[in-house]
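Visitor: next comes the sequence, and after it the predicted model I'd like to discuss.
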Amino acid sequence: MTDLGQDKHRSGPPGLKPLDQGIYVHVPFCSSTCDFCAFYQIKPTAGAVDQFLKGIEAEAELIPWRGPISTVFWGGGTPGLLSPDDLDRLAKIIRKKTVIQPIEWSIELAPAWVTKARLEVLRDNGINRISMGIQSFSDELLDGLGRQHTPKQVYKAYELIREMGFKNVNVDMMFALPGQTEAEWLKDLEEAIALKPDHISTYCLTFEEDTALWIKLSEGRVKLDPEHEAKLYEATWEKLHKEGYQQYEVSNFAKPGFECRHNLSTWKMQEWIGLGPSAASQHDGMRGVNPADLALWSQQLNAGKRMQEDRRVLTADLLLEDSLIFGLRVNQGVDLAQARIRFPDANWTFVEAKLSTLESEGLLKISSEVVRLTNKGRLLADSVGTELLGLGSD
């Protein structure tokens, strides 16, 4: 693809604004593995951290950067496990490529690793959104997840984050944990609300293959209970709505103006550049994933290569499929009129037939060319997404 073609891809068809550009950095280090986690991670050593940071710098140099970066998100792993000096080193690599200060720059932090020194480095480098993984305020439930922090550490970390001047804070909570009752979940949710965060993410526990929880499920030590999960979903939506948190995506709630802009851009199939082992990218007309292996990722970078796995051309059908699957999870829904402008060559006959079927099943509603999930559809969002698969198949 020529430079002209790439710039045309970024600006999109007439009538649409240029695509947002984000950066996602996968920091793969964890001191221990949570029972539910299937993300690529390794234990940190001085050598591995140095190799990672050198790799991020090398990968950033391989990318054709065009236009300003709107958002940055550091995920993991446990990004906050890096030392203050290493966080500063990583931030300076990213800042060289952002041109101007991103509107939103997020980092995931685990309560046990929140310190004043780390927060100072983050604040001074322009990171302005903290996402802290709490999951639960119950020692017993945290232990069952393999989490390493305590409720006491959560309160201390949150207080310090606010003291250091961060005005955009999310907390991650998890429900449908093994043995968790509805009353226990609502108590956890009340504890989270009492902190007065700006954003609350509530995730239903999922059982990913090759995790400790998957093994427990396969051995019958824990069981799935879809009806119980549905009750907890609905109780969550009702409780957070009463407390002034607007649901803007199936699992995400925010005070007005505090929606996660990076995630919204991703769900709307904008562009993002993934840095680090296992990070995915969607830019320059291509989609691909870095290898989930620090050594192999570094080896490929030394050969001048990146984004080598699951590498695909971004066709209109593929982008429309994902715009629908992820966009429908957002309460705002998908504007079909705008989608027709952006993806005029997509297989709209397939899309219209699928949407019509899902509407007849009461899972979504189409009004004035905007399609949204119904309450029933939000409870079955993953199933709705599965029904829309196939449009982007090669």
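Guide: Sure, I can see it. Numbering: from 1, shown residues only.
Visitor: all helices of the stretch 1-150 of the chain, in order?
Guide: Taking DSSP state H, counting those that start in this stretch, the helices of the stretch 1-150 of the chain run over residues 3-11, 46-61, 84-98, 116-124, 139-145.
Visitor: what residue spans form the domains of the chain?
Guide: 3-265, 316-394 (automatic domain parsing).
Visitor: and Gln300, which of those domains is closest to it?
Guide: The closest of these to Gln300 is domain 3-265. By C-beta to C-beta, the value is 9.2 Å. (Glycine included, C-beta is placed from N, CA and C.)
Visitor: for the record, mean pLDDT for the closest one?
Guide: In this model, domain 3-265 has a mean pLDDT of 86.
Visitor: I'd like the domains of the chain written out as a markdown table, with mean neighbour count and distance to Arg306 added.
Guide: Formatted as a markdown table, these follow (neighbours: other C-beta atoms under 10 Å; distance: least, C-beta to C-beta, whole Å):
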| stretch | mean neighbour count | distance to Arg306 |
| --- | --- | --- |
| domain 3-265 | 18 | 5 |
| domain 316-394 | 17 | 20 |
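Visitor: re the thing from before, and of the helices of the stretch 1-150 of the chain, who's closest to Ala339?
Guide: Of all the helices of the stretch 1-150 of the chain, it is helix 3-11 that lies closest to Ala339, at 16.4 Å by C-beta to C-beta.
Visitor: got CSV for the domains of the chain, with distance to Ala292 too?
Guide: As requested, the domains of the chain are exported to CSV (distance: least, C-beta to C-beta, whole Å):
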stretch, distance to Ala292
domain 3-265, 4
domain 316-394, 21
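Visitor: between these, which one is closest to Ala279.
Guide: Counting by C-beta to C-beta, Ala279 lies closest to domain 3-265 out of those; the figure is 4.1 Å.
Visitor: what sits closest to Lys231 if chain neighbours are left out?
Guide: Of all residues not flanking Lys231 in the chain, Glu182 sits nearest, at 6.1 Å (C-beta to C-beta, 6 or more residues apart in numbering).
Visitor: OK, contacts around that neighbour?
Guide: In this structure, Glu182 makes contact with 228, 231-232, 235, judged by C-beta atoms under 8 Å, 6 or more residues apart in numbering.
Visitor: now do Gln21
Guide: Counting by C-beta under 8 Å, 6+ apart, Gln21 touches 10, 66-70, 270-273, 283.
Visitor: apply 6 Å and report the result again.
Guide: Going by C-beta atoms under 6 Å, 6 or more residues apart in numbering, Gln21 touches 67, 69-70, 271.
Visitor: just Trp267 next, same as before
Guide: 326, 330.
Visitor: how about a cut-off of 10 Å?
Guide: 249, 252, 260, 322-323, 325-330, 332, 334 (C-beta atoms under 10 Å, 6 or more residues apart in numbering).
Visitor: same check, this time on Phe258
Guide: 104, 129, 167-170, 197-200, 245-246, 248.
Visitor: from those residues, which ones fall inside strands?
Guide: If you go by DSSP state E, the contacts of Phe258 have 104, 129, 169-170, 199-200, 246, 248 in strands.
Visitor: pretty sure Gln51 contacts Leu294?
Guide: Yes. Taking contacts as C-beta atoms under 10 Å, Gln51 lies within contact range of Leu294: 6.3 Å.
Visitor: ok, the residue lying closest to Trp74 once chain neighbours are set aside to Arg118 distance?
Guide: Spatial nearest neighbour of Trp74, excluding adjacent residues (C-beta to C-beta, 6+ apart): Ile107 at 4.4 Å. In this view, Ile107 and Arg118 are 9 Å apart by C-beta to C-beta, to the nearest Å.
Visitor: are there residues contacting both of those two? Which ones?
Guide: Overlap between the contact sets of Ile107 and Arg118, as judged by C-beta under 10 Å, 6+ apart, is given by 79-80, 82, 87.
Visitor: which of those lies closest to Thr150?
Guide: Out of these, the member with the shortest distance to Thr150 (by C-beta to C-beta) is Gly80, at 16.3 Å.
Visitor: how about the closest one, what does it touch?
Guide: 27, 29, 74, 87, 107-115, 118-119, 122, 130, 132-133, 157.
Visitor: likewise Glu387?
Guide: Glu387 neighbours (C-beta under 10 Å, 6+ apart): 325, 354-355, 357-358, 361, 363, 380.
Visitor: and it, what's its pLDDT?
Guide: For Glu387, the predicted pLDDT is 92.
Visitor: the one 4 residues further on too?
Guide: pLDDT for Leu391: 76.
Visitor: spatially nearest residue to it, not counting backbone neighbours?
Guide: Closest to Leu391 by C-beta to C-beta, 6+ apart is Glu321, at 4.0 Å.
Visitor: what helix or strand is the one you found on?
Guide: According to DSSP states H and E, Glu321 maps onto helix 316-327.
Visitor: against which helices or strands is that helix packed?
Guide: If contacts are counted by 3 or more C-beta pairs under 10 Å, 6 or more residues apart in numbering; DSSP states H and E, helix 316-327 sits against helix 261-267, strand 280-283, strand 286-289, strand 334-335, helix 336-342, helix 348-360, strand 370-373, helix 381-387.
Visitor: please compute how far the fifth one lies from its chain's middle.
Guide: This means helix 336-342. 25 Å (C-alpha atoms, centre = their mean, to the nearest Å).
Visitor: which residues are contacting it?
Guide: 12-16, 19, 268-269, 316, 319-320, 323-324, 327, 335, 346, 348, 351-352, 355, 366, 368-371.
Visitor: re the thing from before, pretty sure the residue nearest to Leu391 contacts Asn347?
Guide: Yes. Applying C-beta under 10 Å as the test, Glu321 and Asn347 come out as touching, 9.3 Å apart.
Visitor: so Leu160 sits right up against Phe166, yeah?
Guide: Yes. Proximity of Leu160 to Phe166 meets the contact threshold set by C-beta under 10 Å, at 9.5 Å.
Visitor: for these two, list the residues in contact with both.
Guide: In contact with both Leu160 and Phe166: Leu119, using C-beta under 10 Å, 6+ apart.
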